[in-house]
Every structure is written in C-alpha cells, then in structure tokens.
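J.: Predicted model follows, preceded by the sequence.
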Amino acid sequence: DAKTTQPNSMESNEEEPVHLPCNHSTISGTDYIHWYRQLPSQGPEYVIHGLTSNVNNRMASLAIAEDRKSSTLILHRATLRDAAVYYCILYPFSGNTPLVFGKGTRLSVIA
Amino acid sequence: ETGVTQSPTHLIKTRGQQVTLRCSSQSGHNTVSWYQQALGQGPQFIFQYYREEENGRGNFPPRFSGLQFPNYSSELNVNALELDDSALYLCASSPRRVGFQETQYFGPGTRLLVL
C-alpha cells in the first residue's frame, strides 16, 4: 500500500507557482522521496527525488521538511503542459522494490 | 537514444482469451517492470525482470506471466482474461536493478479492454 498522502486534486493559474504537498509520516531513515507525473494518455515520467536536502532540477524543486514527514513539489511557473497526475512515492535505498503508487494529485492548469 | 515503446497501443479481447503485450526497453536497461493501471487509480506493480529472470512479483495471480529477452524487449502474457483485467498496462525500464535510486522510464502503455 502507498505510504504517502496527497490531495486528490489541485488547480493553478498558468505562469504561477504551484506547491504540491505530500505527507509521509511513516517514512524511514533510508527512504528516498520520489516524484513522478503522468500526463494525459502517457506513462508516468520521473520528476525529481531527494533524501533530506532540498533539490532542484530543470523541471521542479523538492522541498523536504526537517523531520522528513512531509515534502512539497514546487513547479515555479505552471504551464498548460504541466497538467498531469503527480505521484509522491517513498523508495527505500535498500531497495529492490517496485514503485508503489497511490492515487496522486491531479493538477489542473487554467490559462 | 530511443525511449520505451509498447505495442499494441489498444487491444480488445473477450473473456477467457489470452493476450500478449510487448515492450521494448531503452538500450542498456537490464531491468523491466510491468504495471497495471485501472481507470482513476495509480499503477500497480505486476512483476519485474532482471537479466531475463523474474525478480519480484506483486499481488497478481499466476495467469499473469512474462518474459524478458536479451535484446531488451519483454512480454506480458495474461491467460484466461477476466473483465477486471481491463486496464492500461505499462512497462518501465531502468539501467540497473531497482533498489538503487534509479529512474524508471515508462512506456506509453497498452490499453486493454476485455468484453
């Protein structure tokens, strides 16, 4: 079962920042936090991942709470192309496990 | 570098039939995982293959089986199809064993409808 909790849906205006929250209160010390997104009619695609420190890449930023019980995916300027379902996934470093998806957050972007 | 491809894109079968879905992984990716995604749900793990051997399985019955070939292609076979097997089937490849912080690269999926 997914060990993360995300809002079912969120809405954003185009060109504004979007903060997608994820709660993972049972996270263990060796769990990484991964984010994937699934655009309409496509398979999921990797967005970003982190362990403790905040992370930035060309797609997004990941802010991780100090106690690691929650994290936030930040899209700095939402575009219509960012409309997708966003999944927050805990991935153990010790691993050899599959990705465990929840229902994710459906992000709508309004022009 | 080509991405992960899947065929066919859509498929309609009747209950009791058998189906084979195909996936072509990115070159050099020795791990492939298959997922089932019902409408409105997140993908659910079916099984994973690493270097042509099954390397983990989710909560799916034995009528779901797979193969991985040396040329980075793989198959998902489902026997005795049931109505609940109607879903999007996704394959995902990664360059090493899952268990490291490896990105999984997903194909676009095959949408299967069982009537």
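T.: That came in fine, so what should we check first? Residues are numbered from 1 along each chain as shown, chains lettered A, B, ... in the order given.
J.: drop to CA atoms for contacts and neighbour counts, all remaining ones
T.: Fine.
J.: what is the mean pLDDT for stretch A:35-51?
T.: Averaged across stretch A:35-51, pLDDT comes to 95.
J.: Kindly report the same for stretch B:20-39.
T.: If you average the pLDDT over stretch B:20-39, you get 93.
J.: So which bits of that stretch are buried?
T.: B:21-27, B:29-38 (16 or more other C-alpha atoms under 10 Å in any protein chain shown).
J.: restrict those to those near chain A?
T.: residue B:33 (C-alpha under 8 Å from any C-alpha of the partner chain).
J.: hmm, who's touching the helix or strand of chain B with the lowest mean pLDDT?
T.: When the helices and strands of chain B are scored by mean pLDDT, DSSP states H and E, strand B:53-57 comes last with a mean of 91. With contacts defined as C-alpha atoms under 8 Å, 6 or more residues apart in numbering or on different chains, strand B:53-57 is touched by A:97, B:45, B:46, B:47, B:48, B:49, B:66, B:67, B:68.
J.: which one of these is nearest residue A:79?
T.: Closest to residue A:79 out of those is residue B:45 (30.4 Å), distances taken as C-alpha to C-alpha.
J.: okay, that closest one: pLDDT?
T.: Residue B:45 carries a pLDDT score of 95 in this model.
J.: Could you give the bridge partners of it?
T.: Judged by DSSP bridges, the bridge partners of residue B:45 are residue B:35.
J.: Then the one 5 residues further on?
T.: With DSSP bridges as the criterion, the beta-bridge partners of residue B:50 are residue B:31, residue B:53.
J.: Touching, it and residue B:32? I think so.
T.: Yes - using C-alpha atoms under 8 Å, residue B:50 and residue B:32 qualify as a contacting pair, with a distance of 6.6 Å.
J.: Need the residues touching each of these two.
T.: Joint contacts of residue B:50 and residue B:32 (C-alpha under 8 Å, 6+ apart) are residue B:68.
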